[in-house]
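> output the structure for:
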Amino acid sequence: MSVIRDLLQPARPEGEEDPEHRVFRRDGAIAACVGLLCATLAVTVEHDGGPLDALGWLLLAGAVVPLAWRRLRPLPVLVLCLAFAALYHALDYTHAAPFAASALAIFTAAATGPRRRTLGMAVLVVAVILGVWGSTGPEVGLEMLQVSGWILAVIAFGEAVRLHHQYLAAMRERAERAERTREQEAARRVAEERVRIARDLHDLLAHTITLIGVRASVASHLLTAGPERLDRAAVAETLDSISGTCRDAKADLRTTLQVLRGDGERQSEGPLPGLAGLPDLARAAEAAGARVELALDAAEPVPQASGAAAYRIVQEALTNAVRHAGAEVLIRVSVRRDGPDLRIRVQDDGPAANGGAVPSPTGKTAADPPGYGIAGMRERARSIGGTLLAGAREDGPGFVVTARLPAQEAPR
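Just a heads-up that it's a prediction; the model follows:
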């Protein structure tokens with residue numbers, strides 16, 4: 001069975017070919033089998049040419065031995081085999097004997113391609129048939145046509161094998177390309193999910209830690225400023241607000257971690273935050289010492305993704321304002337529908353209420369380390385088809401964040 005498999009196996013594509021000594025060893029074994037078949041035919045077949053003498057055996061060996069290099073040098077092997085076989089037939093030895101060797105050489109040349117070589121061999125065979133027919137008459141021509149029909153069948157079989165292996169190679173390449181594409185797509189989705197989770201954690205933790213820090217500073221001030229005038233109710237209220245902020249942050253963090261773990265059995269703690277949660281954000285910022293003016297004009301429902309993005313953008317903008325502009329900062333928040341868009345504007349008067357600490361275009365003072373707040377807001381807006389701009393105000397001191405988000409569901 002291995003001999004038959006190697007007989008039908010053409011030269012492999014470049015980069016996958018076996019070492020030459022291994023190919024030579026296999027083809028040498030096949031050549032030995034073909035030589036034994038040719039010798040058997042030369043001895044057993046009668047009335048098909050004269051018996052073989054020393055020269056006949058030498059010519060038959062010359063048609064068989066080159067087959068050991070048939071896959072390494074298919075075209076030279078074809079020329080040598082046909083040359084020895086032609087001289088063998090011209091001397092009228094047993095004509096059936098070298099046919100197997102010639103057929104194998106022709107098959108290998110056709111199976112290893114290229115196609116123009118296969119077509120050239122077929123045209124040459126047809127031309128020989130027509131030439132013999134025209135020069136010798138119909139009797140010899142019909143006999144040549146019968147023999148040449150087998151040769152044409154071998155050429156067609158070799159071309160079919162070549163096309164089959166070419167098809168298999170194309171399928172392997174397509175499968176490898178599809179596998180690479182799937183791996184790249186999976187890596188891209190993992191990266192996008194990682195960025196999304198990092199953005200959610202940043203929005204949650206930055207907002208929570210900022211509020212806790214501001215309220216803790218207020219409690220510390222109340223405890224140390226004047227012990228004789230200690231307002232226990234104010235301290236208790238501040239500590240209670242810190243506790244409430246921690247509880248809310250814990251619930252949001254639990255939901256985010258469920259997404260990170262891929263926990264499909266446990267459901268989310270509630271719906272995604274949306275425009276309905278903006279008043280709570282405003283009250284939280286006011287509890288941290290800021291003055292917030294909220295103008296919410298979006299009575300009609302908006303897509304859940306747009307509502308969640310608007311909530312996170314306003315949350316990050318309020319956090320930055322409280323963190324960088326200091327206490328008593330005035331923050332104006334405007335959220336309104338404008339046709340198919342949801343317009344968001346958050347501005348503050350930071351420097352005027354912060355002792356002259358002028359923020360940079362990224363919303364931070366010179367002493368602040370670089371962060372991801374503005375970049376995260378831009379990514380969040382861009383992920384749902386919106387835009388976001390952030391920078392210093394042109395009409396006075398402070399910082400402004402403006403965003404445009406889709407207020408309608410995208411068409412399917």
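> in the stretch 201-350 of the chain, what spans have low per-residue confidence?
Scanning the stretch 201-350 of the chain for pLDDT under 70 picks out 203-204, 207, 218, 222, 225-231, 255-272, 298-300, 326-327.
> residue ranges for the helices of this protein, please.
Here the chain has its helices, by DSSP state H, at 2-8, 20-44, 54-64, 74-90, 99-111, 115-136, 138-225, 232-261, 278-287, 304-325, 350-353, 373-383.
> quick one: contacts of the fifth one?
Meaning helix 99-111. Residues outside helix 99-111 that contact it (C-beta atoms under 8 Å, 6 or more residues apart in numbering) are 7-8, 10, 30, 34-35, 37-38, 41, 60, 63-64, 66-67, 70-71, 74-75, 77-78, 81-82, 85, 117-118, 121, 150-151, 154-159, 161-162, 165. To be clear about C-beta, it is placed using only N, CA and C from the backbone, and glycine gets the same treatment.
> what pLDDT is listed against Asn69?
Small correction: residue 69 is Trp, not Asn. pLDDT for Trp69: 90.
> now do the contacts for it.
24, 27, 76-77.
> off-centre distance for stretch 173-189?
The chain centre lies 4 Å from the centre of stretch 173-189; the measure is C-alpha atoms, centre = their mean, to the nearest Å.
> what's the answer for stretch 240-251, then?
42 Å.
> show residues contacting it.
Stretch 240-251 has contacts (C-beta under 8 Å, 6+ apart) with 204-205, 208, 211-212, 215-216, 219, 269, 284, 287.
> with stretch 73-91 instead?
Residues from elsewhere that reach stretch 73-91 (C-beta under 8 Å, 6+ apart): 11, 55-56, 59-60, 62-64, 66-67, 69-70, 95, 97-98, 101-102, 105-106, 108-109, 112, 117.
> again with stretch 293-306
Stretch 293-306 has contacts (C-beta under 8 Å, 6+ apart) with 271-272, 274-275, 278-279, 282, 310, 330-337, 342, 384, 386, 405-409.
> just to revisit the earlier point, among the contacts of helix 99-111, name the buried ones.
The neighbour-count criterion (16 or more other C-beta atoms under 10 Å) marks 7, 10, 30, 34-35, 38, 41, 60, 63-64, 66-67, 70-71, 74, 77-78, 81-82, 85, 118, 121, 151, 154-155, 157-159, 161-162, 165 among those as buried.
> neighbour-wise, which of the contacts of Trp69 leads?
Val77 (24 neighbours; other C-beta atoms under 10 Å).
> what's the neighbour count on Ser217?
For Ser217, the neighbour count with other C-beta under 10 Å is 14.
> from Arg404, how far off is it?
36 Å (C-beta to C-beta, to the nearest Å).
> how far out from the middle of the chain is stretch 201-218?
39 Å.
> do stretch 70-89 as well
Chain-centre distance of stretch 70-89: 48 Å, with C-alpha atoms, centre = their mean.
> for it, C-alpha coordinates in CSV please.
Output of stretch 70-89 as CSV, limited to C-alpha atoms (Å, rounded to 0.1, in the frame of the first residue of the first chain):
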residue,chain,number,x,y,z
ARG,A,70,11.3,10.7,-11.1
ARG,A,71,10.2,13.2,-8.4
LEU,A,72,13.5,14.9,-8.0
ARG,A,73,14.1,15.5,-11.7
PRO,A,74,10.8,14.7,-13.5
LEU,A,75,11.5,16.3,-16.9
PRO,A,76,15.0,14.8,-17.4
VAL,A,77,13.7,11.4,-16.3
LEU,A,78,10.9,11.7,-18.8
VAL,A,79,13.3,12.5,-21.6
LEU,A,80,15.7,9.6,-20.8
CYS,A,81,12.9,7.1,-20.4
LEU,A,82,11.2,8.0,-23.7
ALA,A,83,14.6,8.1,-25.5
PHE,A,84,15.5,4.6,-24.4
ALA,A,85,12.0,3.4,-25.0
ALA,A,86,11.9,4.9,-28.5
LEU,A,87,15.1,3.1,-29.4
TYR,A,88,13.8,-0.1,-27.9
HIS,A,89,10.6,0.0,-30.0
